[in-house]
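Asker: Build me a structure from this.
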Amino acid sequence: MTMNLNIKAAQVRAMADAIVVEHPRMHVAHEQFEFLMEHGRRRHGQSKMGALMVAPTQSGKSTIISSWANRLNTLELEEQRQIPVLHVTLSANVTCKGLAINILEAFEDRGIATGALSRGQTEAVLLARAQNHIRNAGVQLLILDEFQHVIHSESHRLAHSVGEFIKRMLITGCCPIVLSGIEDARRPFESNAQLRQRCLPPIELKPLRITDPADAALFTDFIETYAAELEHQGLGRDLKAIADNDLNMICLLDVSDGVLGVACNLIKDALQIAIKRGSQAVLVGDLESATDRLIASGCCDHNAFRHGPRALSPRAA
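Answerer: The predicted structure follows:
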């Protein structure tokens, strides 16, 4: 019986992980992506624009990117070996040369052969190869995710060289580029004024503040929609009731520190705990236990569901 519940918990968690809730911040980012692509289409063979998306871990960057890529990268285009949106996740401590290799590896992952990869090849040769495949695959938007991985040194010179690398790609007119990462991803922009001038204003996904009415409303609406979708798919019960409770919402925002992804993971962890005890109905005690796990992992230092919140009610803000 325990094994069956464990398997069921894993199945429910997998289905819950696949749920995507649209929200205003996602729409703003997608509008920027759409602008970059349309601008790029109208400047065939000419320089393109870029954008920086900055957010803390688990703020939904990858969800925003993947939802846009999934919308445009249709099966029909894939069969034609066309990739309108190429999403590249950079390796840790990657150099400018490694960045070009990561782009080529992303094509390989999509079933497009790029030839032998060798770190003995020069940065210029690897970049030229990457750009050639970008053009052949009809890439209209290149997204370099985890961009902070390029900045593995405190060197101002390195940050500037990375900025020059991206600027060169934009100048050559390859395609528009979105750089996504945590706060460190800003550094090439801070050290390269010419790169900044070639980019749109940054897309910032800062933690939601309970003292800001707009942030509070966004958080509340998002959680209520997410809870309702979990129930609609038959994954859990009483989640909407928990989301409709002011005190629970205060505690959830307190524990997540205003980061939507953390709040979602906490709810999923609580649902997982409920299923393992033989129920799909999530109780406050399940949220307490899920928060204890968060504290044990070092991602939180206060269990608001047990000891009370440290924030104001989102509905009263």
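Asker: Gln66 contacts Asn73, correct?
Answerer: No Gln there; residue 66 is Ser. No: using Cβ atoms under 8 Å, Ser66 makes no contact with Asn73, being 9.9 Å away. Glycine gets a C-beta too; all of them are placed from N, C-alpha and C.
Asker: can you list the domains in this protein?
Answerer: 24-204, 208-307 (automatic domain parsing).
Asker: Out of the ones you listed, the one nearest Asp17 is which?
Answerer: Set against Asp17 and scored by Cβ to Cβ, those come closest in domain 208-307, at 7.2 Å.
Asker: and that closest one, how far apart are its ends?
Answerer: End-to-end distance for domain 208-307: 22 Å, by Cα to Cα, to the nearest Å.
Asker: Over to stretch 167-187?
Answerer: The first residue of stretch 167-187 is 14 Å away from its last residue (Cα to Cα).
Asker: cool, stretch 234-244 as well?
Answerer: Stretch 234-244 has an end-to-end distance of 18 Å (Cα to Cα).
Asker: what's next to it, contact-wise?
Answerer: With contact meaning Cβ atoms under 8 Å, 6 or more residues apart in numbering, stretch 234-244 is reached by 12, 15-16, 220, 223-224, 226-228, 230-231, 248-249, 267, 271, 274, 279-284, 287.
Asker: ok, the nearest residue to Ile83 once chain neighbours are set aside - contacts?
Answerer: Counting by Cβ to Cβ, 6 or more residues apart in numbering, Ile83 lies nearest to Ala137, which is 4.6 Å off, once chain neighbours are set aside. By Cβ under 8 Å, 6+ apart, Ala137 lies in contact with Arg81, Gln82, Ile83, Leu86, Phe107, Ile112.
Asker: Next up, phi/psi of Ala137, please.
Answerer: Torsion angles at Ala137 (phi, psi; degrees, to the nearest 10) stand at phi -90, psi 0.
Asker: Quick check: it vs Phe189, distance?
Answerer: Ala137 sits 27 Å away from Phe189, going by Cβ to Cβ, to the nearest Å.
Asker: same deal with Arg277?
Answerer: 49 Å.
Asker: And those two? Which one has more around it.
Answerer: Counted by other Cβ atoms under 10 Å, Arg277 and Phe189 do not tie: Phe189 has more neighbours, with 20 against 12.
Asker: Excluding chain neighbours, what is closest to the more buried one?
Answerer: Counting by Cβ to Cβ, 6+ apart, Phe189 lies nearest to Arg196, which is 5.2 Å off, once chain neighbours are set aside.
Asker: what about that neighbour, helix or strand, and which?
Answerer: Using DSSP states H and E, the element containing Arg196 is helix 193-197.
Asker: sorry, back to before: ok, which of the domains of the chain comes nearest Ile7?
Answerer: Closest of those to Ile7 is domain 208-307, at 10.0 Å (criterion: Cβ to Cβ).
Asker: Residues contacting the helix or strand containing Leu36, please?
Answerer: If you go by DSSP H and E, Leu36 is part of helix 24-41. Helix 24-41 is contacted by residues 48-51, 53, 60, 63-64, 67-68, 84-85, 140-141, 175-176, 178, 200, 203, 205, 218 when judged by Cβ under 8 Å, 6+ apart.
Asker: Tell me the gap between the following helix or strand past that helix and the middle of its chain.
Answerer: Downstream of helix 24-41, the next assigned helix or strand under DSSP H and E is strand 50-54. Centroid separation for strand 50-54 versus its chain: 12 Å, with Cα atoms, centre = their mean, to the nearest Å.
Asker: Can you mark which positions in the following helix or strand past strand 50-54 are buried?
Answerer: The helix or strand immediately downstream of strand 50-54 is helix 61-72, counting by DSSP H and E. Neighbour-count burial for helix 61-72 flags Lys61, Ser62, Thr63, Ile64, Ile65, Ser66, Trp68, Ala69 (criterion: 16 or more other Cβ atoms under 10 Å).
Asker: how close does the fourth one get to Val139?
Answerer: Right, Ile64. Between Ile64 and Val139 the computed distance is 18 Å (Cβ to Cβ).
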